[in-house]
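Participant: My questions concern the predicted model and sequence given below.
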Amino acid sequence: MRPNEECEEIMSEELTVETEVATPIDADLVRALEAIILVATDPVPVDLLAQILGHPEAVVESLCASLAAAYEEAGHGFQLVRVAGGFRYQSHPDVSVYVERFILDGQKARLSGAALETLAIVAYKQPISRAQIASIRGVDPDGVLRTLQGRGYIDQVGRDPGPGQAVMWGTTPAFLEKLGINSVSDLPPIVEFIPGADIVEALEVGLRISKNDDLDVSTPEPISAPIEAEHDESGT
C-alpha cells in the first residue's frame, strides 16, 4: 500500500471513530447544560458554562442557540434566553397570564408608584445622584432609594467627580433579570412614554386659571350699602 493511501485510510478510520462517539458526547453535553441552567438561581454566563463543561465558548453559544430554537419549535411553555449576560430558563410570554395568576395572586410586597417612578428614573438616567433624582421627582428620594437597594434593583455604582463627590446610582443585574432583558440598552425608548405636544397643550389649557375666575375668587363683596343703611337708621 502506498504512503498516501495509508494516510487516507488512517484519517478515514479516525473520522469514523469521531463520528461514532460524537452523538453520545453531544447528548451528555446537552443534558449537563440543561441541568446546570435549570438549577441555577441566576443567569449563567457563557464563560462559566464553557469552563464547567470543558468546551469552547463558541460551542456552548451554538448549543444554547440550538436548544432555544428547538424549545421554540416544539412549542414548550418555557424558553432558554440570554438575560443579564447569561443564560436561564424562563416562562414563555404566551403563557404569562397564567404565570402571573400563580405568582402574583395574593402577593403583597409590590413596589409603590413612587418606587417604580424612581426606578425608571435611575434606569434611564444612570448613573445619577440623589440630588438629580430629587430635582426630577420634586421630593426627597432617600427612603425610596433604600427600598430599591434593599430589593437589589439598584446600587451605588460610583461617585461624581465634581464638588462633594455625590454617590451615583445605577441598576443591577437583578433589575435586568426581573425585566428579562440582557442590558439597559434593551429598554424601550423613553420617547414612547412622553406625551405629544397636543396632549401637553390640552393639559395646560385645562389647568390654566382665567383672569375672570381669579377676580371672582379674590374680589370681596361691597360694604358701602350696609354702612349707608346704618346712617339712615340713626337719622344722621
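Facilitator: Cool, the structure landed. Residues are numbered from 1 along each chain as shown.

Participant: Would you state the strands of this protein in chain order?
Facilitator: Counting by DSSP state E, one finds strands in the chain at the ranges 44-45, 78-83, 86-91, 128-129, 154-159, 167-171.

Participant: Those strands: which one's closest to residue 119?
Facilitator: Nearest of the strands of the chain to residue 119, taken as CB to CB: strand 154-159 at 6.9 Å. For every residue, glycine as well, the C-beta is placed using N, CA and C.

Participant: Adjacent strands (with direction) for the closest one?
Facilitator: Its sheet considered, strand 154-159 pairs with strand 167-171 (antiparallel) by DSSP bridges.

Participant: Now do the strand it pairs with: everything it contacts.
Facilitator: 119, 122-123, 126-130, 133, 145, 153-160, 184 (CB atoms under 8 Å, 6 or more residues apart in numbering).

Participant: Kindly report the same for stretch 183-191.
Facilitator: 84, 85, 123, 124, 126, 171, 176, 179, 181.

Participant: Excluding chain neighbours, what is closest to the third one?
Facilitator: In space, not counting the residues next to it along the chain, residue 123 is nearest to residue 171; the distance is 5.3 Å by CB to CB, 6 or more residues apart in numbering.

Participant: The one you found: how many residues sit nearby?
Facilitator: Residue 171 has 23 neighbouring residues, counting by other CB atoms under 10 Å.

Participant: Same question for residue 134.
Facilitator: For residue 134, using other CB under 10 Å, the count is 14.

Participant: can I get the strands of the chain in JSON lines with distance to residue 72 and mean pLDDT?
Facilitator: Output for those, formatted as JSON lines (distance: least, CB to CB, whole Å; pLDDT from 0 to 100):
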{"stretch": "strand 44-45", "distance to residue 72": "20", "mean pLDDT": "92"}
{"stretch": "strand 78-83", "distance to residue 72": "7", "mean pLDDT": "92"}
{"stretch": "strand 86-91", "distance to residue 72": "13", "mean pLDDT": "92"}
{"stretch": "strand 128-129", "distance to residue 72": "37", "mean pLDDT": "92"}
{"stretch": "strand 154-159", "distance to residue 72": "33", "mean pLDDT": "92"}
{"stretch": "strand 167-171", "distance to residue 72": "28", "mean pLDDT": "94"}
